[in-house]
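Visitor: prediction below, plus the sequence it came from.
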Amino acid sequence: MIDYDKFEKSLRHLEAQFNNYKTIDDRDDLGVLEKEAIKESVIQRFETCYDTLWKTLKRYLNEELGFPEVPNSPKPIFQIAFENNLFTSDITQWKKYADARIATSHDYSAEKAEEALSVMNDFISDAVDLYITMTGASWE
C-alpha cells in the first residue's frame with residue numbers, strides 16, 4: 001500500500017506558498033527581504049514536492065503497475081509514466097520540471113529562481129493531476 005500523505009502535504013504546501021507568492025507585488029506590508037523570502041520558500045517547497053512526487057511515482061509504477069525494475073532517477077521514471085498515460089501533459093513539460101529542479105539545486109541565482117518560478121503554475125497543475133490519477137481522490 002502506497003502512502004500518499006507526504007506527496008499530498010508537500011503539494012498542498014507548495015500550492016499555498018505559490019498562491020502567497022502571486023500576491024507579493026500587491027502587498028505593501030512586505031519589504032524586499034520578506035518578498036525574497038517568500039520566493040525562496042516557493043523554490044524550496046518545489047524542490048521538496050518534486051522529490052516526493054518522483055519517489056512516490058516510482059513506488060506507484062512498481063507496486064500498482066507491476067514494473068519490477070524501475071530506475072532510480074526522475075527523468076526515466078517520467079518517461080515510463082508518460083508511456084503509461086499517467087500524465088495529462090506532454091513529456092517535454094515534465095523534462096522542464098526536472099531541469100528546473102536540477103538548476104535550483106546547483107545554482108541559487110536570481111535567474112535560476114525565476115526560471116523555476118515560471119514553470120510553477122504548470123507544475124502544480126500537473127502534479128495535482130498526477131496525484132488524482134494515482135490516488136483516485138479529488139483535489140479541493
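Guide: Yes, it's here. If you're wondering where the values come from, they're calculated on a predicted model, not measured in any experiment.

Visitor: can you list the low-confidence ranges for the chain?
Guide: 106-109 (pLDDT under 70).

Visitor: select the longest helix from it.
Guide: helix 32-63 (DSSP state H).

Visitor: show me what that one is packed against.
Guide: Here helix 32-63 touches helix 5-21, helix 74-83, helix 91-106, helix 110-135, going by 3 or more CB pairs under 8 Å, 6 or more residues apart in numbering; DSSP states H and E. For glycine as for every other residue, the C-beta is placed from the backbone atoms N, C-alpha and C.

Visitor: could you tell me the angle between it and helix 110-135?
Guide: Inter-element angle recorded for helix 32-63 and helix 110-135: 40 degrees (by axes from the mean of the first three to the mean of the last three CA atoms, to 10 degrees).

Visitor: name the SS class of the nearest residue to residue 59 once chain neighbours are set aside, please.
Guide: Taking CB to CB, 6 or more residues apart in numbering, and ignoring the residues beside it in sequence, residue 59 has residue 2 as its nearest neighbour in space, at 5.2 Å. Classification of residue 2 using DSSP: H, G, I helix; E, B strand; the rest coil returns coil.

Visitor: contact partners for residue 2?
Guide: Residue 2 makes contacts with 56, 59-60, 63-64, 134, as judged by CB atoms under 8 Å, 6 or more residues apart in numbering.

Visitor: go again with 10 Å.
Guide: Shown in contact with residue 2 (CB atoms under 10 Å, 6 or more residues apart in numbering): 56-57, 59-60, 62-64, 134-135.

Visitor: good, we can wrap up now.
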